[in-house]
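> Give me coordinates for this.
(one chain, ligands or ions: 1)
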Amino acid sequence: MATTHSGNFGTCCKDLADAMSVPPEKFFRVEDNGVLYFTIGYVPTDKGPGFYDQAVIFCPFCGKQLQTKEQIQAAADAQ
Ligand SMILES: [Zn+2]
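Okay, the predicted model is just below:
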């Protein structure tokens, strides 16, 4: 079983830390359930843009595993 990077999201490498802190509008987002999501796109609607989010499994910059599908499912079930 692969080891998951421990510590807060953004502590695995500087690139993810910057991606989560530098841009005023970020595509990475930590939900109240503690899951890290990435915005993959949006669709214009009458009420403004509707965003498509996908939970992040691996850091796209350094490749470390940040969370597991089991953790994400458990967090979603707990809501
Ligand atoms: Zn990383």
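
> now for the helix or strand where Met20 lies, which elements pack on it?
Element membership for Met20, per DSSP states H and E: helix 14-21. On a contact count with 3 or more CB pairs under 8 Å, 6 or more residues apart in numbering; DSSP states H and E, helix 14-21 meets strand 28-30. In short, each C-beta sits where N, CA and C put it, glycine included.

> Sheet partners, orientation included, of the strand it packs on?
If you go by DSSP bridges, strand 28-30 pairs up with strand 36-45 (antiparallel).

> right, is the partner strand up against the ion?
No. Using CB under 5 Å from the ion, strand 36-45 stays clear of the ion, coming no nearer than 11.0 Å.

> Next, the buried residues of the helix holding Met20.
16, 19-20 (16 or more other CB atoms under 10 Å).

> likewise stretch 70-79?
So, applying 16+ other CB under 10 Å, buried residues of stretch 70-79: 71-72, 75.

> near the ion, which residues of the protein show up?
Listed as neighbours of the ion in the chain under the rule CB under 5 Å from the ion: 12-13, 16, 59, 61-62.

> most surrounded residue in these?
The residue in these with the most neighbours, by other CB atoms under 10 Å, is Leu16 (22 neighbours).

> Tell me the spacing between it and Thr45.
The spacing between Leu16 and Thr45, counted by CB to CB, to the nearest Å, is 30 Å.

> circling back: of the buried residues of stretch 70-79, which belong to helices?
Mapping those onto helices (DSSP state H) picks out 71-72, 75.

> could I get the residues you listed as CSV with pLDDT?
Formatted as CSV, those follow (pLDDT from 0 to 100):
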residue, pLDDT
Gln71, 95
Ile72, 95
Ala75, 94
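
> Sounds good, over and out.
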